[in-house]
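Asker: What follows is a protein structure lacking sequence information:
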């Protein structure tokens, strides 16, 4: 049973090409506001996420 689970996890990791460990998040403090570059990056990432989410929805329900 454990061997099958381990093999399934390995196969899933190989197919996804995603890192096995999470990346530590940086927690911002109120006294450290975002820079203009960070704000621009955040806006672009949010826009990309919206586009990807819309594409995923279309795939599921064309």
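Answerer: Yep, it's here. In this text the structure is predicted, and so the values were computed from the model without any measurement.
Asker: quick one: the helices in the protein?
Answerer: Assigned by DSSP state H, the helices in the chain fall at 2-16, 36-60.
Asker: chain center to the longest one: distance?
Answerer: Read that as helix 36-60. Centroid separation between helix 36-60 and its chain, computed with CA atoms, centre = their mean, to the nearest Å, is 11 Å.
Asker: just to revisit the earlier point, would you turn the helices of the chain into TSV with mean neighbour count, distance to residue 30 and mean pLDDT?
Answerer: C-beta coordinates here come from the backbone N, C-alpha and C atoms, glycine included. As requested, those are exported to TSV (neighbours: other CB atoms under 10 Å; distance: least, CB to CB, whole Å; pLDDT from 0 to 100):
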stretch	mean neighbour count	distance to residue 30	mean pLDDT
helix 2-16	9	36	73
helix 36-60	10	15	85
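Asker: For residue 26, find the nearest of those helices.
Answerer: helix 36-60 (10.5 Å; CB to CB).
Asker: So which residues make contact with that closest one?
Answerer: For helix 36-60, the surrounding residues in contact (CB atoms under 8 Å, 6 or more residues apart in numbering) are residue 34.
Asker: since we're on residue 31, how many residues are nearby?
Answerer: 5 (other CB atoms under 10 Å).
Asker: got TSV for the helices of the chain, with distance to residue 27 too?
Answerer: Formatted as TSV, the helices of the chain follow (distance: least, CB to CB, whole Å):
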stretch	distance to residue 27
helix 2-16	27
helix 36-60	14
